[in-house]
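*Asks:* I would like to see how this sequence folds:
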Amino acid sequence: MSEDPTQTIDVEIQGLWSSIHTLSRAGEPLGVLSVQRGSKGLVEGARYVPAKGEVLLLRRDPGLLRSQFSLWTEGREWLGSALRWNIFKREIVLHTGSKPLRIQPLSGLRPGWTLQAPKTGEMARILGRPFGRRARIEVYRRLDMELVVFAYFLGSMILIESLWPGPADPDPARLERAVEGAGS
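*Replies:* I've put the predicted structure just below:
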């Protein structure tokens, strides 16, 4: 993408097993994402405590599919869900009550993920190194912070999978066709 991001969020990562991700923008703290793992190492969920605003809960939904999580407020309001339809595809579909979005690997040989909208294309990028202690989120379109945190959480869990290059030219209309086909 040739345009500059409208905002850049820096992430400091601490811990290995149950990690803490501190998000900040231009040195101002935005919040802390705490990831919880079960005894066998499986990510069970996370909790995002913002500097201002409502606490978010990210939890694994029951099921066998990877990246099957939902996003809730602490007041039990559903904000979104994520599903990875196929274990061999590296695409996660996000449902937030409006048009579904997708997270897929960046094109080329660079680790990271891109958040795509069906009609407008790239909305954000999640950049980092699989074993690094820092990450960066570049936002290109207007997005709610809740969605940014959810996309970062999903992308950061499977960052190592983004090492293999993603598609060269993402087709935004493909998501709509895939979702319509799955709903039939």
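*Asks:* the strands in this protein, which residues?
*Replies:* Counting by DSSP state E, one finds strands in the chain at the ranges 7-14, 20-25, 28-37, 43-50, 56-60, 69-73, 78-83, 92-95, 101-105, 112-117, 121-128, 134-139.
*Asks:* quick check: beta-bridge partners of Trp72?
*Replies:* Leu57, Trp78 (DSSP bridges).
*Asks:* thinking Glu91 is in contact with Pro100, fair?
*Replies:* No: Glu91 lies out of contact with Pro100 (C-beta atoms under 8 Å); the separation is 11.2 Å. No exception for glycine: its C-beta is placed from N, CA and C like everyone else's.
*Asks:* list the contacts for Leu56?
*Replies:* Contact analysis of Leu56 by C-beta atoms under 8 Å, 6 or more residues apart in numbering lists Arg47, Tyr48, Pro50, Leu71, Trp72, Thr73, Glu74, Leu79, Glu146, Val149, Phe150.
*Asks:* put together TSV for these, with distance to Gln14 and pLDDT on each row.
*Replies:* Listed next are these as TSV, based on distance: C-beta to C-beta, whole Å; pLDDT from 0 to 100:
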residue	distance to Gln14	pLDDT
Arg47	15	97
Tyr48	15	97
Pro50	18	97
Leu71	23	93
Trp72	24	93
Thr73	25	94
Glu74	23	92
Leu79	26	91
Glu146	22	94
Val149	17	95
Phe150	20	94
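*Asks:* reformat the residues you listed as CSV; add neighbour count and distance to Ser39.
*Replies:* Formatted as CSV, these follow (neighbours: other C-beta atoms under 10 Å; distance: C-beta to C-beta, whole Å):
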residue, neighbour count, distance to Ser39
Arg47, 15, 18
Tyr48, 26, 23
Pro50, 17, 29
Leu71, 25, 24
Trp72, 18, 23
Thr73, 14, 28
Glu74, 12, 25
Leu79, 19, 28
Glu146, 20, 29
Val149, 24, 26
Phe150, 27, 25
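*Asks:* and the residues you listed as JSON lines, adding distance to Ser156?
*Replies:* Listed next are these as JSON lines, based on distance: C-beta to C-beta, whole Å:
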{"residue": "Arg47", "distance to Ser156": "15"}
{"residue": "Tyr48", "distance to Ser156": "12"}
{"residue": "Pro50", "distance to Ser156": "17"}
{"residue": "Leu71", "distance to Ser156": "15"}
{"residue": "Trp72", "distance to Ser156": "19"}
{"residue": "Thr73", "distance to Ser156": "21"}
{"residue": "Glu74", "distance to Ser156": "21"}
{"residue": "Leu79", "distance to Ser156": "18"}
{"residue": "Glu146", "distance to Ser156": "16"}
{"residue": "Val149", "distance to Ser156": "10"}
{"residue": "Phe150", "distance to Ser156": "11"}
